[in-house]
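>>> Mind looking at a prediction? Sequence and model below.
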Amino acid sequence: MDLRPFHFVIIGSGWDTVLQHLSLAGVMVEHYDSVDPQTLLQMYVNMDVLLVTGYLEGGPLTVIEALACGVPVLSPRYGFAADLLDDTYIYETVEHLGQKLSAITQPVLDRVALVKDFTREAMVEAHYKVFRDVLNGRVG
């Protein structure tokens with residue numbers, strides 16, 4: 001799976017190898033050893049999905065925090081995730097995770113691809129088409 005369109009934010013220690021591999025793969029990644037509560041809240045506000053990658057923590061608490069903020073969570077079936085997530089958000093293998101990530105992020109990537117080369121004129125024409133469709137062709 002091509003991870004270059006994604007922007008990862010990793011919080012905590014012990015991620016040096018993962019950070020190195022992501023960087024070599026051309027993936028945008030930010031790393032913080034820790035963040036204050038206000039910064040963490042801002043991160044949840046801007047997050048498209050929380051990816052839980054391990055079986056180390058009993059919770060982890062991030063699952064509950066993300067769900068409380070309305071952020072979808074992808075996780076292996078353990079801890080809080082086993083009890084709080086339906087199967088749509090549980091992954092079993094790396095391949096399965098790739099399928100889940102694609103399903104969640106493809107609409108965003110499609111939108112970015114659609115508008116990345118829009119000129120002002122193309123944007124106006126796209127708006128005009130939407131208005132025309134909504135008004136059943138009654139626009140000029």
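Okay, I see it.
>>> Can you tell me which helix or strand of the chain has the lowest average pLDDT?
Every helix and strand of the chain was ranked by mean pLDDT, DSSP states H and E. The lowest is helix 94-115, at a mean of 84.
>>> Can you spell out which helices and strands pack onto that one?
Where contact means 3 or more C-beta pairs under 8 Å, 6 or more residues apart in numbering; DSSP states H and E, helix 94-115 is packed against strand 73-74. C-beta coordinates here come from the backbone N, C-alpha and C atoms, glycine included.
>>> how about the strands in this protein?
Secondary structure of the chain (DSSP state E): strands at 7-11, 28-32, 50-51, 73-74.
>>> how about CSV for those, with mean neighbour count and distance to I90 added?
Shown next, in CSV, are the strands of the chain (neighbours: other C-beta atoms under 10 Å; distance: least, C-beta to C-beta, whole Å):
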stretch, mean neighbour count, distance to I90
strand 7-11, 15, 20
strand 28-32, 14, 24
strand 50-51, 20, 12
strand 73-74, 21, 8
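>>> Now distance to V134 and mean pLDDT too, for these, in TSV please.
Below are those laid out as TSV (distance: least, C-beta to C-beta, whole Å; pLDDT from 0 to 100):
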stretch	distance to V134	mean pLDDT
strand 7-11	33	91
strand 28-32	37	94
strand 50-51	36	92
strand 73-74	35	92
